[in-house]
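Asker: based on what follows, work out the 3D shape:
(chains A and B)
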Amino acid sequence: AQTVTQSQPEMSVQEAETVTLSCTYDTSESDYYLFWYKQPPSRQMILVIRQEAYKQQNATENRFSVNFQKAAKSFSLKISDSQLGDAAMYFCAYRVPNFGNEKLTFGTGTRLTIIP
Amino acid sequence: DSGVTQTPKHLITATGQRVTLRCSPRSGDLSVYWYQQSLDQGLQFLIQYYNGEERAKGNILERFSAQQFPDLHSELNLSSLELGDSALYFCASSQDTGTSGRFRGTDTQYFGPGTRLTVL
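Answerer: Numbers count the residues shown, from 1 in each chain, chains lettered A, B, ... in the order given. You can find the predicted model right below:
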């Protein structure tokens, strides 16, 4: 079974600084997809960024970028120029494209605090 | 706003009761997923419907059931409620390709705001 591990229950960063959240996963699949979702205090689950495993290039979305290391099964999220609105729980998630097995498997989350 | 709507936002009920949670997917999305977020279990997949049919099942209790209607909205029914069923229930939707194959960006799951269920 696929598992997703987030080893940092909590992280904090000074406003405008850079922070990296860690995620590792275990799978025997070669084709899969990885996601970071953000859950602010409102509890809404918001997609931050996604990465296709067959792509070697790391995904970026404005201040958010990932470091995808397929061999190491590592998928970290880097947030640059941290802003107060980035304070949230961040969940790493995994899925495969296979018919009938499209569910997301989530890690336990990392709570990010932004220090003004 | 993800385009996925869920009602009600909050639900407070007693043990032994039955409740129905409703989800309307984004326009054009055929798949609906239900997830449960609780303090001790984290985010867990419950069940998926695709175009009206059940497509995948996770660790969904027998007391729970779901369906997807012809207009693609979905309902999650929870019965014989227990204290441990208190949680945030999310619905997510995606287009999905309908077949296995390479990710095309249409398979991203977009989440609704959730229904917070409290069982007293």
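Asker: flag every residue of chain B that's near chain A.
Answerer: Within chain B, the residues that sit near chain A (C-beta under 8 Å from any C-beta of the partner chain) are B:2, B:31, B:33, B:35, B:42-43, B:45, B:48, B:55-56, B:58, B:88, B:90, B:92, B:94, B:96-97, B:99-103, B:107-111, B:113-114, B:116. C-beta coordinates here come from the backbone N, C-alpha and C atoms, glycine included.
Asker: 6 Å instead, please
Answerer: Proximity of chain B to chain A, by C-beta under 6 Å from any C-beta of the partner chain, involves residues B:42-43, B:45, B:55-56, B:100, B:103, B:111, B:113-114.
Asker: and the residues you listed, which of them are buried?
Answerer: B:43, B:45, B:55-56, B:103, B:111, B:113-114 (16 or more other C-beta atoms under 10 Å in any protein chain shown).
Asker: least trustworthy position among these, going by pLDDT?
Answerer: The lowest pLDDT within those belongs to B:Phe103, with 48.
Asker: partners of the residue positioned nearest the centre of chain B in the sheet?
Answerer: Closest to where the C-alpha atoms of chain B average out (C-alpha atoms, centre = their mean) is B:Trp34, at 2.3 Å. Beta-bridge pairing for B:Trp34 (DSSP bridges): B:Ile47, B:Cys91.
Asker: show me what contacts it?
Answerer: Each residue near B:Trp34 by C-beta atoms under 6 Å, 6 or more residues apart in numbering or on different chains is listed here: B:46-47, B:66, B:76, B:91.
Asker: need the pLDDT of it.
Answerer: 97.
Asker: the spatially closest residue to B:Ser86 that is not a sequence neighbour: neighbour count?
Answerer: Of all residues not flanking B:Ser86 in the chain, B:Val119 sits nearest, at 4.8 Å (C-beta to C-beta, 6 or more residues apart in numbering or on different chains). Neighbour count of B:Val119, defined by other C-beta atoms under 10 Å in any protein chain shown: 19.
Asker: distance of B:Val119 relative to chain A?
Answerer: 18 Å (C-beta to the nearest C-beta, to the nearest Å).
Asker: correct me, but that residue touches B:Leu81?
Answerer: Yes - using C-beta atoms under 6 Å, B:Val119 is in contact with B:Leu81, at 4.8 Å.
Asker: now do the shared contacts for these two.
Answerer: Joint contacts of B:Val119 and B:Leu81 (C-beta under 6 Å, 6+ apart) are B:Thr15.
Asker: isn't there a strand covering A:Phe91?
Answerer: Yes - A:Phe91 forms part of a strand when assessed by DSSP: H, G, I helix; E, B strand; the rest coil.
Asker: I'd guessed it sits against A:Phe106; true?
Answerer: Yes - using C-beta under 6 Å, A:Phe91 is in contact with A:Phe106, at 5.0 Å.
Asker: who has more neighbours, the two?
Answerer: A:Phe91 (25 against 21).
Asker: residue contacts, the more buried one?
Answerer: A:37, A:106-107, A:109.
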